[in-house]
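Colleague: Below: sequence and its predicted model.
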There are 2 protein chains.
Amino acid sequence: MKALIHEKKAGKEGLSYCEMEELLPKEGEVRVRLETAGMNHRDLFVLNRHKESEPPLIIGSDGAGVIDAIGPSVTNITIGDEVMINPSLGWIEESDAPPKGFEIVGLPFHGTFAQSIIVPAENVTPKPSYLTWEEAGVLSLAGITAYRALFSRAKVKAGMNVLIPGIGSGVATFLLQFAKAVGATVFVTSRSVEKCEQALAIGADFALDSNSDWTKNLQGTKMDVVIDCVGAATFNKSLSQLRPGGTIVTFGSSTGDEVNINLRDLFYGQINVLGTTMGSKEEYIKMLQFIELHQIKPIIDRIYPLSEYEQAFLRLDNAEQFGKIGFHVNS
Amino acid sequence: MKALIHEKKAGKEGLSYCEMEELLPKEGEVRVRLETAGMNHRDLFVLNRHKESEPPLIIGSDGAGVIDAIGPSVTNITIGDEVMINPSLGWIEESDAPPKGFEIVGLPFHGTFAQSIIVPAENVTPKPSYLTWEEAGVLSLAGITAYRALFSRAKVKAGMNVLIPGIGSGVATFLLQFAKAVGATVFVTSRSVEKCEQALAIGADFALDSNSDWTKNLQGTKMDVVIDCVGAATFNKSLSQLRPGGTIVTFGSSTGDEVNINLRDLFYGQINVLGTTMGSKEEYIKMLQFIELHQIKPIIDRIYPLSEYEQAFLRLDNAEQFGKIGFHVNS
């Protein structure tokens, strides 16, 4: 089968689109003939985390396709089932943190940027029929991250003011859609005028230039919740928009990890700073029920043939996308 | 009446023990003839926050005494009632943050370091009969802070590992006693060998030198909760002791406000950083019921005659105390 693998060299230089052997699923596993796969920022990190001395790795965490082989002891799954892949390996029940042994599809185990993948049977879920293959393929990792951040962690409800700095990424567009679906008022920021306009077009109530004076632009409106994946560049600006008792959830730091915070602001403000990443299978199922109930479809930026992966990586690296970037794995 | 007032000069130089006029309670207020008062770190901050241009202020947030005058429209309170003063002004129901207008006894309104005080009737509560005047006088501010930090915020329960850096302050000793009362395992730190020994003597399970390598000393035991009021000196050491999904509550920063944190550690660790300060009347009443149920008495460091306030301030300033410092206001 054709696959996008990483080997030998750190970074994008170690990527190649080539032929890989197709295996059979073992005990408790299934094989999925993939239709589509989705890109995430994680794919960029993996290129540096996957060691040069290790065997070739098929990267990619998101995908959807059709069951084409079933290992021993697998029940309730039939060849021909249309499924999505939940990339959280080994985290089943909702809990305050993943259990030991938790991993994400695509490192250290082979991922979705290939014509097929073998995963534990518990990691496939029926594809909602209202989603196209493209939509199903780009949904999982960003969808579960957004769902846990907004609902399990920040307890976002109707009527709340929610700020999403850095609209544009896949997770950020899900955050916007999910928060609007429950009746929150959603504020977004971007350095790009075009992304601000796109966010308003898909339902944001207010869009700010990331580089502007937020306090001035918000005219005293304070946030119940900020969901920040931008990191160092926005963290303190985000904190300063919270009402007393407000909550900031952090799940990414694309502009840097290290931030200087003032503890006095936290304790006098009764602020909650909550870290989150990924989510359990229980939350994944809830997320799928939630999007089906609200008929939410992922915002798709572009779908590339997998063979044109270089353009896709460049687009993600330059943060040019609005919504999810995906692949057709069979072209 | 005799009172400890602050005026004209910032800091301790503005303090004097002198005669102040005694007034009558107005609508909805009561006057308490104080027996005892309690010191807090807040008293040190107030000396710098109370402006030199403002009228003389009686400082102090904690006190207990006997009702000796009742203003119009006050019901259910009788002259002669033995009461404690809840220093949270205007925060009645438990909520994620105090309402607008919230203040603390002792700034901007006169405080407890005097022979009497006038407070809203809603801020007095019957003194539990098992407490002495000295115990009742030093309890309120630290008790409510500890209660909200441990239970409303961190949800501490039996079986949890709880770390309290900087044992010695009044709040820290309450944290230790309250956490032990619900069946938590309690770890403390101090730079003082003597304070470590004192903490072990009143129930701490494990005491560490604050300057040691905590990770090494704890031998892999991770904390469900850290309650940190030390601030900059310990914050990152505290964070690194948390289990995945663990919680750090911050309510003070005696060693500095500014800390550099790593967001990646927060989100991969699914960490909760929760700010807190003071608490509502609802939590104050729960705290009093809790200590009565468990027959908890404040750890008293020293009680001074109010006229010897200089020694008391010096002792607090040098962090020499273990437990609460209080005053007899009538000597």
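Modeller: Nice, I can see it.
Colleague: Neighbours of the residue lying closest to residue A:126 once chain neighbours are set aside, how many?
Modeller: For residue A:126, ignoring the flanking residues on the chain, the nearest one in space by CB to CB, 6 or more residues apart in numbering or on different chains is residue A:83 at 6.2 Å. From N, CA and C alone the C-beta is placed, and that goes for glycine too. Look at residue A:83: counted by other CB atoms under 10 Å in any protein chain shown, it has 22 neighbours.
Colleague: Which strand residues bridge residue A:83?
Modeller: Residue A:83 has these beta-bridge partners by DSSP bridges: residue A:65, residue A:126.
Colleague: What is the helix or strand containing residue A:135 packed up against?
Modeller: Using DSSP states H and E, residue A:135 maps to helix A:133-137. Packing partners of helix A:133-137 (3 or more CB pairs under 8 Å, 6 or more residues apart in numbering or on different chains; DSSP states H and E): strand A:29-38, strand A:62-70, strand A:300-305, strand A:324-328.
Colleague: Figure out which of those strands is closest to residue A:259.
Modeller: strand A:324-328 (27.3 Å; CB to CB).
Colleague: ok, back up a step: please tabulate the helices and strands packed on helix A:133-137 in TSV, including the columns mean pLDDT.
Modeller: Putting those into TSV (pLDDT from 0 to 100) gives the following:
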stretch	mean pLDDT
strand A:29-38	98
strand A:62-70	98
strand A:300-305	98
strand A:324-328	98
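Colleague: Now tabulate those strands in CSV and tack on mean neighbour count.
Modeller: Listed next are the helices and strands packed on helix A:133-137 as CSV, based on neighbours: other CB atoms under 10 Å in any protein chain shown:
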stretch, mean neighbour count
strand A:29-38, 25
strand A:62-70, 24
strand A:300-305, 19
strand A:324-328, 26
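Colleague: Figure out which of those is closest to residue B:186.
Modeller: strand A:62-70 (44.2 Å).
Colleague: starting at the chain centroid, how far to that closest one?
Modeller: 20 Å (CA atoms, centre = their mean, to the nearest Å).
Colleague: Stretch A:129-144 too?
Modeller: On CA atoms, centre = their mean, the centre of stretch A:129-144 falls 11 Å from that of its chain.
Colleague: care to break chain A down by domain?
Modeller: Taking automatic domain parsing as the reference, chain A has its domains at A:2-139+A:298-328, A:144-275.
Colleague: Could I get the ones you listed in CSV, plus columns for distance to residue B:175?
Modeller: Converted to CSV, the domains of chain A look like this (distance: least, CB to CB, whole Å):
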stretch, distance to residue B:175
domain A:2-139+A:298-328, 21
domain A:144-275, 15
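Colleague: Straight-line length of stretch A:233-248, end to end?
Modeller: End-to-end distance of stretch A:233-248: 15 Å, with CA to CA, to the nearest Å as the criterion.
Colleague: can you pull the buried residues of that stretch?
Modeller: Neighbour-count burial for stretch A:233-248 flags A:233-235, A:237-239, A:241-244, A:246-248 (criterion: 16 or more other CB atoms under 10 Å in any protein chain shown).
Colleague: Assess the claim that residue A:234 and residue A:166 are in contact.
Modeller: Yes: at 6.7 Å, residue A:234 counts as touching residue A:166 under the criterion of CB atoms under 8 Å.
Colleague: what kind of secondary structure is the residue positioned nearest the centre of chain A in?
Modeller: Closest to where the C-alpha atoms of chain A average out (CA atoms, centre = their mean) is residue A:142, at 1.8 Å. Look at residue A:142: counting by DSSP: H, G, I helix; E, B strand; the rest coil, its state is helix.
Colleague: and it, what pLDDT?
Modeller: Note on residue A:142: pLDDT of 98.
Colleague: now the one 10 residues further on
Modeller: Residue-level confidence at residue A:152 comes out at 98, pLDDT.
Colleague: That one: neighbouring residues, count only.
Modeller: Residue A:152 has 20 nearby residues by other CB under 10 Å.
Colleague: That one belongs to a helix, doesn't it?
Modeller: Yes: assessed with three-state DSSP, residue A:152 lies in a helix.
Colleague: Check which helix or strand the closest residue to it other than its chain neighbours maps to.
Modeller: Excluding the flanking residues, the one nearest residue A:152 by CB to CB, 6+ apart is residue A:283, at 5.9 Å. Residue A:283 belongs to helix A:281-293 when assigned by DSSP H and E.
Colleague: which residues are in contact with that helix?
Modeller: With CB atoms under 8 Å, 6 or more residues apart in numbering or on different chains as the contact definition, helix A:281-293 has outside contacts at A:84, A:86, A:88, A:91-94, A:122-123, A:125, A:128, A:130, A:139-140, A:143-144, A:146-148, A:151-152, A:178, A:181, A:279, A:296-297.
Colleague: PyMOL command to pick out the buried ones of those?
Modeller: With 16+ other CB under 10 Å as the burial test, the buried ones among the contacts of helix A:281-293 are selected in PyMOL as follows:
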select buried, chain A and resi 84+86+88+91+122+123+125+128+139+140+143+144+146+147+148+151+152+178+181+279+296+297
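Colleague: Let's see which of the contacts of helix A:281-293 end up in strands.
Modeller: In strands, judged by DSSP state E, the following of the contacts of helix A:281-293 are found: A:84, A:88, A:125.
Colleague: So which of those is the closest to residue B:191?
Modeller: For the ones in strands among the contacts of helix A:281-293, the nearest to residue B:191 is residue A:88 (43.0 Å; CB to CB).
Colleague: and chain A, which of its residues are near chain B?
Modeller: A:95-98, A:231-232, A:235, A:243-245, A:250-253, A:257-277 (CB under 8 Å from any CB of the partner chain).
Colleague: try 6 Å
Modeller: Contact residues, chain A versus chain B (CB under 6 Å from any CB of the partner chain): A:96-97, A:231, A:244-245, A:250-251, A:253, A:257-258, A:260-264, A:266-277.
Colleague: For ChimeraX, write a command that selects the buried ones of those.
Modeller: Remark: buried members of these, expressed as a ChimeraX selection using 16+ other CB under 10 Å:
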select /A:96,97,231,244,250,251,253,257,261,262,263,264,266,267,268,269,270,271,272,273,274,275,276,277
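Colleague: roughly how far is whichever strand or helix holds residue A:238 from the heart of the chain?
Modeller: Secondary structure from DSSP H and E places residue A:238 in helix A:235-239. Here the centre of helix A:235-239 is set off from its chain's centre by 22 Å, with CA atoms, centre = their mean.
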